[in-house]
Every structure is written in C-alpha cells, then in structure tokens.
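# Pasting a predicted model and its sequence here:
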Amino acid sequence: MIRTDFQQILEFAAQNEVSDVHLVAYHPPIFRIHGELILDQSDPLAPEDVQRLVDSILNEKQRRIFEETFEVEFSHFASADFHFRVNVHREKGHVAATIRIMPSQVRTGSELGLTPGILELARKRSGLVMISGTAGSGKTTTLTAMVNIINNERRAKIITIEDPIEFVYKSNKSLIVQREVGTDTQSFANALKFALRQDPDVVVVGEMRDLESISMAITTAETGHLVFTTLHSGSAVESINRIIDVFPAGKQEQIRVQLADCLVAVVGQILIPKKEYIGRVLATEVLMGTLSVRNLIRRGALGEIRGYMESGETDGMQTLEQSLSGLVNEGMISKETALKYARHPKLLQC
C-alpha cells in the first residue's frame, strides 16, 4: 500500500530503528536503517502526494520561507518518545523532504559508547570542546549527552543556540535556555555575541558554520566560559585545519594562538556497522588540548599532532585506528570493517 499520511510514516520509522526518512517524487518512502537505504514496500509517491505530506506539517512562517527560498528546516514534535528534524527542499522542480528521527529520551554516555575521558569533558569549567564528524555520525546525540551530564550534576546556566532546536531539555540542577536561529535570534554569531551578556556558564553552539560564528565561539571560550560545538569534519586534526583555514591568511597566526589558548578537546566520531550489520557502534578519536598539543597549534605544526594522539593514552587521547582495533578485539566489529573505515589501515592492532 502507499503511505500517504505523515504521522503513519513517522510512526513506522520510530518503530523500526529508522534514522532518516526520504520523501522524493516518483519513489516510495526511503528509510535509512543502520546506515543502509531501504525502499518501503509501497507504490511510488506522486508529486502531489509529497506536496500534501509536507503541507500537513508546515506552519505559515515555514511555508513562506520555503516559497521564498525553496529550503526550510525545522523541528517537528509529534511523539512523546521521538522528535523529528525536517528539511524541506526542491528536487527536479518538485517538493522533497528529509526527516531525521531523534529519540526524546537522552541516552547516557555509556549507552552511546563514549569513553570516560570524553564524558569527563562535560565537567570542565571553561574552554572549547568540539565534536566533529560527517553528517549522521551522531554529533548531536553526543552533545545532548554532554549537556545532560551538566544538567544533572551542576548548578549552571546553559545557553544553547541551535538551527533548528533538536532536543527540548528539562532544566534539572541547571537552567537551560534554548534559542533557535530564525525564531529567537537572527544568526549563530548574533546569538553568541549577546550570550555573553546573559550570564552563561556553558554555551552550546549547534554548529560552527562560518568565520563569524567560529570567531565568536572562540572568543566566548576565551572569556572563561565552557563552549561545546559541532563541526562537519573528517578527523580531529582536520577540524583544527578547517577552523584556521576559514580565516584570511593575515589572521591565521592570531587565530592559532587564540585556539591554542582555549582548546580543551576535539572528539572525532563515526558510526560503524556491527558484525552481521545488526546496528552500529561508535568509534571515536580524541585530541586533548595538552600543553604539547597547544604548542604545536601555535607553531602551525599540525602534522605532528597525530604522534601525540598515538602515545597520549594517559591524557585520554586515542586515534581512530586505536578505537577500531579495540572494537575488533571486543568482538563488536569485524576486522574487514575496521580495515574499510581506518584512515591508516596498517596501524590497526587487531
């Protein structure tokens, strides 16, 4: 049968471990399950079917933005157990949509497979913590777990700046103020600028996207606040490179010094298929802002950082290959899978 009710599609997705739903004209709904795309066993959606599905959840403001820009992204709350991040766009002249399914229940760090060293980052009092990875690697989920630790353990004011809001927190010990770009503020950079006047202890930036937001995030960390943010990047070292390269050549030396002064850690992550492809498991690399690493950043000697990561276990550091080797030795993933995802396969120890 054809699924033409938006709520029905979302309920099916939530019940079947779907991470993303793709609605495209002339295709049946397409579900991403454990990283693989699976076509629904139904008839293809006509353009008017997709249009109707999308229209059923757009409010007037979102509809106006879409008509003007052909793009709109927002959160949709239609379940006690899940919420949904919706991106509506156009494809070959027709409306299309991608929906990310997000559990409403915060998963703990141990459930996610985060190391004790990573979880300890939530207990820092100042500096910059970056969570890096490609799209769909679980960056937001990790960020949520970090905020939850602070919320449960510390009396702090936490300001989140998101586009869109993906998880609605309930203040516990902390006071959590959530601001959505486009609804509560004009931009990440604008919100960061005024956040410093709102008495925060912790600032969570959904994503560093441009020079202005990166500059403001670093400035916020420099002023004694704890800043968490995400960055689309393939590795921890690449994240450092990306931040520096955003700035004009004449300012790169200055930004290296600023970044070195405030960097706490960069956590790179990727989701790896488990054995028999039943679910996925998190592999992480961790770069800690030790004195040696900060000096390398100041000097621009980023090529030397990996060596410190390989030998920095006592400081909480690890490379992706070390993480993959551990998962193989624990029986979580196969050696073939580790070889496929490793950046330096010869350095695997399994």
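Ah, there it is. Numbers count the residues shown, from 1 in each chain.
# which residues sit in contact with Ala217?
Leu128, Leu192, Val203, Val205, Met208, Val227, Thr229 (CB atoms under 8 Å, 6 or more residues apart in numbering). Bear in mind the C-beta positions are built from the backbone N, C-alpha and C, glycine included.
# ok, 7 Å please
Going by CB atoms under 7 Å, 6 or more residues apart in numbering, Ala217 touches Leu128, Leu192, Val205, Met208, Val227, Thr229.
# out of those residues, what pair is the most spread apart?
Farthest apart among the contacts of Ala217 by CB to CB are Leu128 and Leu192. That separation is 12.2 Å.
# hmm, back to that, sitting in strands, which of the contacts of Ala217 do you find?
Leu128, Val205, Val227, Thr229 (DSSP state E).
# Val88 is in contact with Phe66, correct?
Yes. Assessed by CB atoms under 7 Å, Phe66 is found in contact with Val88 at 5.7 Å.
# Common neighbours of the two, please.
Counting by CB under 7 Å, 6+ apart, the residues touching both Phe66 and Val88 are Val72.
# Pick out whichever of those two has more residues nearby.
Val88 (24 against 19; other CB atoms under 10 Å).
# Would you confirm that that one contacts Val72?
Yes. Using CB under 7 Å, Val88 makes contact with Val72 at a distance of 5.0 Å.
# overlap in contacts of these two?
With CB under 7 Å, 6+ apart, Val88 and Val72 have common neighbours Phe66.
# who touches Gly206 in this structure?
Taking CB under 7 Å, 6+ apart as the test, what Gly206 contacts is Ile161, Glu162, Asp163, Thr230.
# what's around Val181, how many residues?
There are 22 residues near Val181, going by other CB under 10 Å.
# residue contacts, it?
Going by CB under 7 Å, 6+ apart, the list of residues near Val181 reads Ile161, Glu162, Asp163, Ser187, Phe188, Ala191.
# How about Lys274?
With the criterion set at CB under 7 Å, 6+ apart, Lys274 makes contact with Arg280, Val281, Met332, Ile333.
# pLDDT wise, what is it at?
In this model, Lys274 is scored at 90, pLDDT.
# Please report the distance of it from Asp20.
19 Å (CB to CB, to the nearest Å).
# secondary structure class for the residue nearest to Val106 when sequence neighbours are not counted?
With CB to CB, 6 or more residues apart in numbering as the criterion, Val106 has its nearest non-adjacent residue at 4.6 Å, and that residue is Asn148. Asn148 falls in the helix class when you classify it by DSSP: H, G, I helix; E, B strand; the rest coil.
# so who does the most centrally placed residue in the chain touch?
Nearest to the centroid of the C-alpha atoms of the chain, with distances taken as CA atoms, centre = their mean, sits Lys139, at 2.6 Å. Applying CB under 7 Å, 6+ apart to Lys139 gives the contacts Ile131, Gly133, Thr230, Gln269.
# Next, Gly224: secondary structure please.
coil.
# Spatially, what comes nearest to it if we skip its sequence neighbours?
That would be Ser126: by CB to CB, 6+ apart, it lies 4.9 Å from Gly224.
# beta partners for Glu180?
Glu162 (DSSP bridges).
# So what's the residue count around the closest residue to Phe31 other than its chain neighbours?
Nearest residue to Phe31, sequence neighbours excluded (CB to CB, 6+ apart): Val18, at 4.4 Å. Residues near Val18, counting by other CB under 10 Å, number 22.
# Tell me which residues touch Val18, please.
Contacts of Val18 by CB under 7 Å, 6+ apart are Phe31, Arg32, Ile33, Ile101.
# what's the answer for Arg155, then?
Here Arg155 is in contact with Lys173, Ser174 (criterion: CB under 7 Å, 6+ apart).
# From Leu175, how far off is it?
According to CB to CB, Arg155 stands 8 Å off from Leu175.
# With Gly268 instead?
31 Å.
# Comparing the two, which shows the higher neighbour count?
A direct count of neighbours by other CB under 10 Å for Gly268 and Leu175 places Gly268 higher, at 27 against 15.
# Strands of the stretch 51-200 of the chain, residue ranges please.
Per DSSP state E, counting those that start in this stretch, the stretch 51-200 of the chain carries strands over the ranges 72-76, 82-91, 94-103, 127-133, 157-162, 175-180.
# closest to Ala249 out of those strands?
strand 127-133 (22.5 Å).
# got the contact list for that closest one?
By CB under 7 Å, 6+ apart, strand 127-133 touches 121, 139, 142-143, 217-218, 221, 226-231, 233, 236, 239, 262-270.
# where does the stretch 151-300 of the chain dip in pLDDT?
277 (pLDDT under 70).
# And the helices in it, which stretches?
In the stretch 151-300 of the chain, the helices defined using DSSP state H, counting those that start in this stretch lie at 188-195, 211-222, 236-246, 252-262, 291-299.
# Kind regards, and thank you for your time.
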